[in-house]
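Visitor: Below is the sequence, then the predicted model.
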Amino acid sequence: MSKQDRQGVRTATDLERKYKLAQIEEQQKTSAKQSIQMNQLAQTTSQLANSTNAELGNLQNQIDETNGELFNLVEYLDSIVDYIIEQGESGIWHYEKWLSGKAKCWCTTEAKTIAYDDALLGLGYVQSQEFPENLFTDAPYYVSVNGCALGIQSNTISNITSSNVEWCSMVHLEVDSAEVRYLIEAQGKWK
């Protein structure tokens with residue numbers, strides 16, 4: 001082999017080595033870039049995780065606060081919203097017991113014949129009606145008695161207790177007698 005040929009082989013070998021070294025350097029640069037990118041990705045992921053955990057913690061605190069507020073609102077509404085806890089019938093009466101302790105009852109009596117009384121100058125006919133047994137703890141704070149008949153001028157309540165109501169019906173002078181049904185309503189406390 002001639003000197004020139006040997007130089008050509010060396011040059012080719014040198015070029016191959018340089019090419020391989022360049023490839024290795026390029027792979028190392030690419031590997032270094034990938035390593036840097038992986039580190040940056042890991043840092044970004046860690047920051048996002050920390051940020052997300054902090055946001056989740058804040059969100060959980062907001063949910064806890066909202067739940068507390070809702071619980072307080074429900075307690076408040078229970079204290080102001082009243083509803084029926086028992087209702088039924090007792091004799092001619094319909095009644096309701098409310099959560100707050102309020103009690104209501106109402107009835108329409110059987111027809112009663114009342115007559116003008118010369119001795120009373122038609123000024124009154126006293127009647128009474130028992131309330132449902134043990135419905136009220138005290139005399140009701142509201143009682144209404146309305147008689148429905150021609151010839152009745154008015155009904156005046158004369159006595160109220162926790163167990164009954166008494167009233168006086170005024171009969172008009174021109175009426176000898178009247179068939180009357182009374183609508184009675186009462187409200188008071190059951191507890």
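Guide: Sure, I can see it. Numbering: from 1, shown residues only.
Visitor: Break down the chain into its helices, ranges please.
Guide: 3-80 (DSSP state H).
Visitor: max-length strand in it?
Guide: In the chain, taking DSSP state E as the definition, the longest strand is strand 177-189.
Visitor: Let me know the pLDDT of the spatially most central residue of the chain.
Guide: By Cα atoms, centre = their mean, the chain has its centre lying nearest to Val74, at 5.8 Å. On pLDDT, Val74 comes in at 73.
Visitor: Which positions within the longest strand of the chain qualify as buried?
Guide: Ala178, Val180, Tyr182, Ile184, Ala186, Gln187, Gly188, Lys189 (16 or more other Cβ atoms under 10 Å). In this view, the C-beta of every residue, glycine as well, is placed from N, C-alpha and C.
Visitor: helices and strands around that strand, which ones?
Guide: strand 102-108, strand 112-115, strand 125-130, strand 142-148, strand 152-160, strand 164-171 (3 or more Cβ pairs under 8 Å, 6 or more residues apart in numbering; DSSP states H and E).
Visitor: The second one pairs with which strands, parallel or anti?
Guide: Partner strands and pairing direction for strand 112-115 (DSSP bridges) are strand 177-189 (antiparallel).
Visitor: Run the chain-centre distance for the strand it pairs with.
Guide: When C-alpha coordinates are averaged (Cα atoms, centre = their mean, to the nearest Å), strand 177-189 and its chain have centres 36 Å apart.
Visitor: hmm, back to that, a markdown table for the helices and strands packed on strand 177-189, including distance to Leu48 and mean pLDDT?
Guide: Output for the helices and strands packed on strand 177-189, formatted as a markdown table (distance: least, Cβ to Cβ, whole Å; pLDDT from 0 to 100):
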| stretch | distance to Leu48 | mean pLDDT |
| --- | --- | --- |
| strand 102-108 | 58 | 96 |
| strand 112-115 | 85 | 74 |
| strand 125-130 | 77 | 83 |
| strand 142-148 | 67 | 85 |
| strand 152-160 | 75 | 76 |
| strand 164-171 | 76 | 82 |
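Visitor: can you put these in TSV and add distance to Leu56 and mean neighbour count?
Guide: Converted to TSV, the helices and strands packed on strand 177-189 look like this (distance: least, Cβ to Cβ, whole Å; neighbours: other Cβ atoms under 10 Å):
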stretch	distance to Leu56	mean neighbour count
strand 102-108	47	18
strand 112-115	75	14
strand 125-130	66	16
strand 142-148	56	16
strand 152-160	64	15
strand 164-171	65	19
